[in-house]
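>>> Provided below for reference: sequence and predicted model.
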Protein chains: 4
Amino acid sequence: MRIFRLINNGWIGNFVIIGNKVYVLLSDPITALKLYSEGKDVPLGPEVNINIDELLTKDYTYKGLRFTKPYDPPEVWGGSGIVYEVARARYSEEDVAMIRGKTIYELVYDAERPEIFFKGTANRCVGHGEPIAIRSDSEWTLPEPELGVVIDSVGKILAYTISDDVSARDLEAQNPLYLPQSKIYNGSCAIGPFLVTPDEVSNPYNLTISMRIIRGNSVIFEGSISTSKMRRRVEDQIKYLIRDNTVPDGTLLSTGTAVIPPRPITLMHGGDIVEISITGLGTQRTPVIKL
Amino acid sequence: MRIFRLINNGWIGNFVIIGNKVYVLLSDPITALKLYSEGKDVPLGPEVNINIDELLTKDYTYKGLRFTKPYDPPEVWGGSGIVYEVARARYSEEDVAMIRGKTIYELVYDAERPEIFFKGTANRCVGHGEPIAIRSDSEWTLPEPELGVVIDSVGKILAYTISDDVSARDLEAQNPLYLPQSKIYNGSCAIGPFLVTPDEVSNPYNLTISMRIIRGNSVIFEGSISTSKMRRRVEDQIKYLIRDNTVPDGTLLSTGTAVIPPRPITLMHGGDIVEISITGLGTQRTPVIKL
Amino acid sequence: MRIFRLINNGWIGNFVIIGNKVYVLLSDPITALKLYSEGKDVPLGPEVNINIDELLTKDYTYKGLRFTKPYDPPEVWGGSGIVYEVARARYSEEDVAMIRGKTIYELVYDAERPEIFFKGTANRCVGHGEPIAIRSDSEWTLPEPELGVVIDSVGKILAYTISDDVSARDLEAQNPLYLPQSKIYNGSCAIGPFLVTPDEVSNPYNLTISMRIIRGNSVIFEGSISTSKMRRRVEDQIKYLIRDNTVPDGTLLSTGTAVIPPRPITLMHGGDIVEISITGLGTQRTPVIKL
Amino acid sequence: MRIFRLINNGWIGNFVIIGNKVYVLLSDPITALKLYSEGKDVPLGPEVNINIDELLTKDYTYKGLRFTKPYDPPEVWGGSGIVYEVARARYSEEDVAMIRGKTIYELVYDAERPEIFFKGTANRCVGHGEPIAIRSDSEWTLPEPELGVVIDSVGKILAYTISDDVSARDLEAQNPLYLPQSKIYNGSCAIGPFLVTPDEVSNPYNLTISMRIIRGNSVIFEGSISTSKMRRRVEDQIKYLIRDNTVPDGTLLSTGTAVIPPRPITLMHGGDIVEISITGLGTQRTPVIKL
């Protein structure tokens, strides 16, 4: 089951893809995912005439309709699960904070406890086709393509999605104490286009995450990685997220990135498009604006 | 624009027919009618694959879906607008209450002020395909096929629908003081299948209201009348309904009947089907149960 | 327990009198009554410094506060329970509708089934100190002082209150089909000042209902009666009200009147005060306006 | 105006102290603060009989009532505003992360941009008399007594309060990437007892913040500091908090601490009481539990 939402003049409709057919979803997405995870019937309405492929094209509109985020996550959290081998190299160009001769990223890579951080609420998130943002005070902002996981309040995985943990890299590089300002602001997170139930994702540790940054007619960055290189299991991150910390049903965990554009690449206002694909989860395309 | 709703396991979806296409309606019905009446865009979703004709067949289900009332009216009121010539004869067989030599129905027929009565709330209403009811203490209950009018709080007509003002005729015949018990009870009102905007009803005073009562394989009653024989204008009834009486947006006024099955016909539990059609508003079919 | 509400600039507070102390009520009134009826703790806040006697004086304000209706009844119904002996005489001056030689009131008086009618919703009700209304098209409107009964959805009595079933007597006298217009309009019902739990009303059939109509400096009507003369038991009215008719928790039944000002008395705009007292339920005073 | 809330069996009441009198507050706290900040009337109910001093005693109950958090903050954020001189010394005993020879705390102290971090939502907060918590996986947890500031969505200061930014210091010391786990968990924040409007706080930069940790019959820590030593203005922190980051009305900013118990002090389960006072804002006392 793949859930998505379409928006028209501020009004939102819920839809679901089963097999190759699209149906109206009569409940809200979180309820549908809960029912599905319990083996109960999801309340489907009639089939709709939507050509998903056409709807997913670049200009994001289809007879007045366009995608929006596939649901309103009550809380979004980030994890560092996908600390691939490459992650060690991530900050080599920066003066990263160090403790006893190791960078804080090396330390967390080797530690039992993962990094978990708050990433925002629904109002800071956009959907496929909607603009992600560069902070007004950032000169170096990058997208971070990640496997997003929707969980319930006891940590059960309800769905997967593409999530873009957009980050003001310059703030983060200046001081790890600026991480919240780097991570949490309007337009700092993109999710969707779909919420995909676990049964449609045969192996979450064998997905290809790929990203392209398109500027005008050129692809200025292209990269991909397999989640097989994920060091930290999703379940392990969830365990720490919900330890002593009650989260609401539908909380989104963005599990960490490993596709990192090298310097001096930065997102730029006006024309940049970020395109992220994950095996089985579709392709998310977002324009870029500066606040 | 014709609005209808489909239900699946308690979850309800809103839909709209424009021309010969069916679309998802992204707002609630009352908001859509208000927007439409103000000339604003109604928030449509994608086209859906519904064969309305097929959905309107007798068994009321279509791939797990069935009609329900086209909206939840906050208040339902009845009027006596359709006091056709035949109405004078209506109660000839009964000992109708009289004042100064005239029956109360004759008096109201000749008076400037119409009869207006409270008919219930959404929880007393059913939709196309859902059972209307006979009170447990009634032996003579009849359907009353009527033109239903949806108004806003200042009396503007937002839509038309078929409404069935089911009435416990024996209670009513016993004493006019029993009218509320005759009129207001669970399952005493059926509305739909559609809410039809005024632009699709060329002339509300030139519609044919027809009704059939089907028992097993027989039609035990069949009758029809034209709203051209309506004595009291709808606007006149609305004027009295809202005079000094604030009603909420979406209030339904059922404008009075003139198709009256003769004695000894009564609805009966188990097998009876009431079928009401009004020009341009479709056909409403409801089974009958006894409470 | 006696519940009341105070209003200040549109904001409402709930309070409760236990013994001779007044406390803040932390829940809504209906929940408090339900808890109380089940023998559970009602959530009380701290004691408040209110001199109830002072608050109940004629000008209805006390340091910026005044009474409003003691709760928002989802539905209000009227009954004909208090059909005292006098009621036979009630309509002697009118040309009352008759069936087979008896007036409709005589018939209902002798019948097993009581009269039950819809009286409105919370927005048509006012509280102690707030104006009741005369319809713009009525020249003869009277208050009807009655014992009000708050019930839950299965008919259990949760509380008693004073209720004034204000009625446009001229509309009603013209034709019983005008009863809803006589009974249901803005300002047609006054309730309070208090909701009083059954344990504080030793015997509902031994209460004195008294009413005075005050015009300027004169009492133009004064009358009283005992509920011992009530012909129809409250339980009997409730039985018919909820038969096949699902009402919400907190529904108010106004049980019928027997204190009837003789002709030519009518309420008049500007200066009239209606004062109703019932043993143990306090005194309700309402000014009168014409719509 | 000082707003507080009392709880009884899960039901909550709003109250306000004006001068030396206590009144029922008829609106929710955030609305009251907004009205007050705009110079409009706050909807007061009657005066209540509460001896605040008595209510503020150690056992936290008063005739069945006790304090709870003075409102439900939609979002809580932490700042580093109160980076007093002492803060430089704060982490001297730890192996703090360093960049180019300076600790990250020294860097933020000298930088223009303050540290701002997400601290949680209402469900992670407790009130005066309710237990703050030690994470199940922390061995070194400390209270951080801070000046809390309630703002609206455009950053206007609506009220001050005492806030305790309880932190798992061992997680934080291990790696700054663990700051969110150190800061955000159930029971990690205490607010109240009061929301105090700015007019009652003559100079927010001249308040004494003092804290005692009481274990059994002993005071195991006692310390205080003046907000005059606050390096970073509250307004400056707010500016960064809301820059490109839309926060809801009523957001709480906890402005940073400077009263730091030395090692090896840690909060312990069962018996510890944290007592925080700020000039004009009252005293907050919270027991301690381990999750």
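Arrived safely, thanks for sending.
>>> Can you give me the distance of the closest residue to chain B within the stretch 101-250 of chain A to chain C?
Of all residues in the stretch 101-250 of chain A, residue A:193 sits closest to chain B, at 14.6 Å by Cβ to the nearest Cβ. C-beta: built from backbone N, CA, C; applies to glycine. Distance, residue A:193 to chain C, using Cβ to the nearest Cβ, to the nearest Å: 42 Å.
>>> And the helices in the stretch 151-291 of chain A, which stretches?
A:169-174, A:179-183, A:234-242 (DSSP state H, counting those that start in this stretch).
>>> pLDDT (mean, whole number) over the second one?
When pLDDT is averaged along helix A:179-183, the result is 97.
>>> now stretch A:228-243
The average pLDDT for stretch A:228-243 rounds to 92.
>>> and if you look at stretch A:147-159?
On average, stretch A:147-159 scores 98.
>>> which residues sit against it?
Residues from elsewhere that reach stretch A:147-159 (Cβ atoms under 8 Å, 6 or more residues apart in numbering or on different chains): A:3, A:30, A:33-34, A:36-37, A:71, A:73, A:82, A:160-163, A:191, A:195-198, A:204, A:207, A:209, A:227, A:234-235, A:238-239, A:241-242, A:246-255, A:278, A:281.
>>> In that stretch, which residues are buried?
In terms of neighbour count (16 or more other Cβ atoms under 10 Å in any protein chain shown), stretch A:147-159 has its buried residues at A:147-152, A:155, A:157-159.
>>> farthest pair in the residues you listed?
Across the buried residues of stretch A:147-159, no pair lies farther apart than A:147 and A:152, at 17.6 Å, counting by Cβ to Cβ.
>>> okay, now the domains of chain A?
As assigned by automatic domain parsing, chain A contains the domains A:2-68, A:76-290.
>>> just the helices of the stretch 151-291 of chain A: most buried one?
Of the helices of the stretch 151-291 of chain A, the one with the most neighbours on average (mean count of other Cβ atoms under 10 Å in any protein chain shown) is helix A:179-183, at a mean of 25.
>>> wait, does that helix contact chain D?
Yes: using Cβ under 8 Å from any Cβ of the partner chain, helix A:179-183 reaches chain D at A:179-181.
>>> so what secondary structure elements neighbour that helix?
strand A:116-120, strand A:167-168, helix A:169-174, strand D:116-120 (3 or more Cβ pairs under 8 Å, 6 or more residues apart in numbering or on different chains; DSSP states H and E).
>>> Tell me which strands the last one pairs with, and in which orientation.
I take that to be strand D:116-120. strand D:76-79 (antiparallel) (DSSP bridges).
>>> And the shortest one, by the same measure?
Taking DSSP bridges as the criterion, strand A:167-168 pairs within the sheet with strand A:141-142 (antiparallel).
>>> In the stretch 51-200 of chain A, where is pLDDT below threshold?
Filtered on pLDDT under 70, the stretch 51-200 of chain A yields the residue ranges A:58, A:81-94.
>>> 80 instead?
Scanning the stretch 51-200 of chain A with the threshold set as pLDDT under 80 gives A:58-60, A:81-95.
>>> ok, what's across the strand from the residue nearest to residue A:6 when sequence neighbours are not counted?
Take residue A:6 and drop its neighbours on the chain: the residue closest to it by Cβ to Cβ, 6 or more residues apart in numbering or on different chains is residue A:65, 4.5 Å away. Residue A:65 forms beta bridges with residue A:62, as assigned by DSSP bridges.
>>> show me what contacts residue A:65?
Residue A:65 neighbours (Cβ under 8 Å, 6+ apart): A:6-8, A:55, B:45-46.
>>> cool, residue A:253 as well?
A:76-79, A:148-151, A:234, A:237-238, A:241 are the contacts of residue A:253 under Cβ under 8 Å, 6+ apart.
>>> The residue nearest to it when sequence neighbours are not counted and residue A:217: what is the separation?
Spatial nearest neighbour of residue A:253, chain neighbours left out: residue A:149 (4.7 Å); criterion: Cβ to Cβ, 6+ apart. Noted for residue A:149: a distance of 35 Å to residue A:217, by Cβ to Cβ, to the nearest Å.
>>> likewise residue A:54?
From residue A:54 across to residue A:217, the span is 22 Å (Cβ to Cβ).
>>> between these two, which one's more packed in?
Counting neighbours by other Cβ atoms under 10 Å in any protein chain shown for residue A:54 and for residue A:217 shows that residue A:54 has the greater number, 9 against 6.
>>> mind listing what the most centrally placed residue in chain A touches?
The centre of chain A sits closest to residue A:163, judged by Cα atoms, centre = their mean, with a distance of 0.8 Å. Neighbour list for residue A:163: A:76, A:146-148, A:189-191, A:252, A:254 [criterion: Cβ under 8 Å, 6+ apart].
>>> Let me know the closest of those residues to residue A:137.
Closest to residue A:137 out of the contacts of residue A:163 is residue A:189 (18.3 Å), distances taken as Cβ to Cβ.
>>> For that closest one, which non-adjacent residue is closest in space?
Computed as Cβ to Cβ, 6+ apart, the closest residue to residue A:189 that is not its neighbour in sequence is residue A:125, at 4.4 Å.
>>> surely the one you found meets residue A:71?
No: between residue A:125 and residue A:71 there is no contact under Cβ atoms under 8 Å: 9.5 Å.
>>> List the contacts of residue A:25.
Shown in contact with residue A:25 (Cβ under 8 Å, 6+ apart): A:3, A:14-16, A:32, A:42-45.
>>> Quick one: which of those residues is the most crowded by neighbours?
Going by other Cβ under 10 Å, residue A:45 tops the contacts of residue A:25 with 29 neighbours.
>>> And that one, which helix or strand is it part of?
Using DSSP states H and E, residue A:45 sits within strand A:44-47.
>>> got the residues of chain A near chain B?
A:6, A:8-13, A:15, A:22, A:24, A:26-27, A:41, A:43-50, A:63-65.
>>> repeat that with 7 Å
Residues of chain A found near chain B (Cβ under 7 Å from any Cβ of the partner chain) are A:6, A:8-9, A:11-13, A:24, A:26-27, A:41, A:43-50, A:65.
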